[in-house]
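Asker: Quick one: sequence and predicted model below, then my questions.
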Amino acid sequence: MEGASTRGVLSHLSLLEVQARNRGSQVPQQPSRVKELKAKVEALTSQRDQLKAELQIHKKLQKLRAPADKHEEDGEDEEMDIDSKSSELFHLMARHSELTDLLHAHNLIGGYDAITTNGGKGMCFSLATEYEGVYLDTYNLELNLKPKVRISRHNIPPFIPLNSLAEQSDLQTDVGAFLATVSQHLNAFAGRRQQLKLVKEQHKSVEVMESNLLCSILVLMFTVPKDKTPLLCTLEYTDHTRCLPTRVHLNCHDKLLPDSPNWKKNCSLLKEVPVHRALMAIKKDSDIV
Amino acid sequence: MDNSVKHLLQRLIRRIPASMLKSTLDKWGRLTAENRKSLDFTQSKWTIAQELVSICEESELTVKHITELEMIYITENPNQGMWHTFQLVDPEDDAHSVELMQFKEQFKSHLSELKRNVSVKIKKHTDEAVWIRVAWGDGLSRPNHLKATYVVHYLQTPYVFVNALSSKHKPLLLQALTLSTKHQQIKAANLSGQKLTALRDLLMRQYQQVFPTKYPSPLPEKLRIEKVQAEASANRHRMAGETFGDGTLPALQSAVFQLETKFKDPTNEAMTQRDEPFICSVKFSSSNLLESLRHCAASGIASTPVTPLLSSIPLKGRNYFVITDNVPTA
């Protein structure tokens, strides 16, 4: 990876490619064409010179940069033929390009904390989960890279279908996509679990009738203020990458209650807003005790 | 109450340890306050059992209630008998949305289709475990409540734990489980033991696993020789921890390696000419096998990095392995 100068070259090359393709559709006009080409040669020559100069600077910077994985004893202190003023600048530029590369690498692997293991033959990723600004559990996933990319150790619970997610994204070519999906599932699960915890803490008048490990289904028992009628509310979270239910279903002895405008509104609310907050609103409206 | 039910109750009371009897009966909630007061728990179990039989007869409690009591006791004290693990494979598309009601109905209906005269009880425990009790009868006889099979399953996970299942009933139970969880197959997971909680914690990854981090703990500065020793020891500890985990580990109690190997001494033709391999079984037992193995690795008794033969136990969640000459099937 060579930072800014490489990106510049690559994008310029692709621009030239596009232009080359477009050139096919243009009718060549001879004299202006020659002039055009001459101008192009000049532009390219000056660009080449500029790139050469950048390359020189870059080479010097590379020598100044701290080698990422070597021990300090192995480093060599080379004699730099730069004066002290520009040496400070060079050091800053070296540091800047180092950090840019590091950030680029970090983004390449999806922004996860990762380290190589097993002498470079494996990698261990840390997948953090958070919900509403609170960091929850962190999960770890080790991959063996040689001879094929394979899941090795992990502490991801078995109700997250890791193997089928690995099959769906091609693990050999796109580890980033796989990690993104796993992270999505984990974060959604952590969010749903956190919501259940908050419902139990904040809404003691609501009884949790059923839940499961994956937190993909939640059955709550409400008490309607009038006559203290019990109302059963089933929240189905069929999309496991989301924290909100895909379906909300009410059951009541009073068959008319679920169809009342208030409760229709409440059902929509439960699909749009996390359950612990939706319940606050519903309580405020005195629809439940 | 007929004699078989009386016998069931008496056997159950004998089975429940004296220290747990009162609390289990309270959880059961089938005795009136008066009855509960009248029971003197300082008496011998036999006497308590007799009293309970008459109380139950008075309250007209049936076998259904007795089996309920048994289920409460086993659910609270699951680390007895021998649990075997099975793994569901090839989930169908809607396997992930199977919910409790649906599972209960499906399991009961599939099982009764496969075998008449089974008595099934299903109950969800507070930790989301679905507990199933099956008493098997056949076409002619009533379900035998003295030898009930217990099954524990967490929905949306592939694992099923089974206790006291005879080979005769095994295919029926496994089929009912596979169908009701919407999978296509079920296979043995090669993990067994007395402690259900250990098997469950191992497979559900509910223990402190250790993963390589960027920030290893610093070594205390010491003399060179001590430093080398300390480094080696720290490395062993780190590798042992990464392989087995930190802190208290699931209390797996045994691991069995079955070796099938041909005799290899070239000077002994008589033996090398045998076609059949030697079968040798090696069993490790411990009150907490994983902690013992971790200690072996950390102290240098077992070489590090830990051999796959041992690391496969926590990694694959198995404690039964067959090792042949060609490839260890681990």
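Answerer: Received, thanks.
Asker: Please work out the average pLDDT along stretch B:238-249.
Answerer: Averaging pLDDT along stretch B:238-249 yields 93.
Asker: Contacts for it next, please.
Answerer: Applying Cβ atoms under 8 Å, 6 or more residues apart in numbering or on different chains, the external contacts of stretch B:238-249 come out as B:207-212, B:216, B:288, B:290-291, B:293-295, B:297-298, B:304-306, B:310-311, B:314-315. Backbone N, C-alpha and C define where each C-beta goes, glycine included.
Asker: switch to 6 Å and redo it
Answerer: B:207-210, B:290-291, B:294, B:297-298, B:304-306, B:311, B:314 (Cβ atoms under 6 Å, 6 or more residues apart in numbering or on different chains).
Asker: now the end-to-end length of it.
Answerer: 16 Å (Cα to Cα, to the nearest Å).
Asker: ok, back up a step: near chain A, from the contacts of stretch B:238-249?
Answerer: Restricting the contacts of stretch B:238-249 to those near chain A by Cβ under 6 Å from any Cβ of the partner chain leaves residue B:209.
Asker: For residue B:38, give its distance to residue A:262.
Answerer: According to Cβ to Cβ, to the nearest Å, residue B:38 and residue A:262 sit 52 Å apart.
Asker: and what of residue A:40?
Answerer: Per Cβ to Cβ, residue A:40 is found 72 Å from residue A:262.
Asker: now do residue B:265
Answerer: For residue B:265 relative to residue A:262 (Cβ to Cβ), the value is 86 Å.
Asker: likewise residue B:75?
Answerer: Taking Cβ to Cβ, one finds residue B:75 at 41 Å from residue A:262.
Asker: Equivalent analysis for residue B:228, please.
Answerer: 75 Å.
Asker: Repeat that for residue B:112.
Answerer: For residue B:112, the distance to residue A:262 - Cβ to Cβ - is 43 Å.
Asker: Kindly report the same for residue B:305.
Answerer: From residue B:305 over to residue A:262 (counting by Cβ to Cβ), the distance is 64 Å.
Asker: before we move on, what SS does residue A:159 have?
Answerer: coil (DSSP: H, G, I helix; E, B strand; the rest coil).
Asker: And for it, the neighbour number?
Answerer: Residue A:159 is flanked by 21 other residues according to other Cβ atoms under 10 Å in any protein chain shown.
Asker: Test my guess that it contacts residue A:214.
Answerer: Yes: between residue A:159 and residue A:214 there is a contact under Cβ atoms under 6 Å: 4.4 Å.
Asker: okay, and the common contacts of those two?
Answerer: Taking Cβ under 6 Å, 6+ apart as the criterion, residue A:159 and residue A:214 both touch residue B:156.
Asker: between residue B:75 and residue A:262, who's got more neighbours?
Answerer: Neighbours were counted for residue B:75 and for residue A:262 using other Cβ under 10 Å; residue B:75 has more, 18 against 12.
Asker: which ones are touching the more buried one?
Answerer: Taking Cβ under 6 Å, 6+ apart as the test, what residue B:75 contacts is B:125, B:131.
Asker: Make sure it is indeed in a strand.
Answerer: No: per three-state DSSP, residue B:75 lies outside any strand segment and is helix.
Asker: how close does it sit to chain A?
Answerer: 17 Å (Cβ to the nearest Cβ, to the nearest Å).
Asker: I'd like the distance between that residue and residue B:69.
Answerer: 11 Å.
Asker: again with residue A:159
Answerer: According to Cβ to Cβ, residue A:159 stands 31 Å off from residue B:69.
Asker: repeat for residue A:118
Answerer: From residue A:118 to residue B:69 the distance is 53 Å (Cβ to Cβ).
Asker: okay, these two: which has more neighbours?
Answerer: Applying other Cβ under 10 Å to residue A:118 and residue B:69 shows that residue B:69 carries more neighbours, namely 23 against 15.
Asker: Isn't that one up against residue B:27?
Answerer: No: using Cβ under 6 Å, residue B:69 is not in contact with residue B:27; the gap is 8.8 Å.
Asker: Give me the common contacts of these two.
Answerer: With Cβ under 6 Å, 6+ apart, residue B:69 and residue B:27 have no common neighbours.
Asker: just the strands in chain B please.
Answerer: B:83-91, B:118-124, B:129-136, B:144-154, B:159-163, B:183-193, B:254-261, B:278-285, B:320-324, B:328-329 (DSSP state E).
Asker: Nearest to chain A, out of those strands?
Answerer: When these are compared by Cβ to the nearest Cβ, strand B:144-154 sits nearest chain A, at 5.5 Å.
Asker: Contacts for the closest one, please.
Answerer: For strand B:144-154, contacts defined as Cβ under 6 Å, 6+ apart pick out A:213, B:8, B:67, B:74, B:128-135, B:160-165.
Asker: Buried only: go through those for me.
Answerer: Neighbour counting by 16 or more other Cβ atoms under 10 Å in any protein chain shown classes A:213, B:8, B:67, B:74, B:128-135, B:160-163, B:165 among these as buried.
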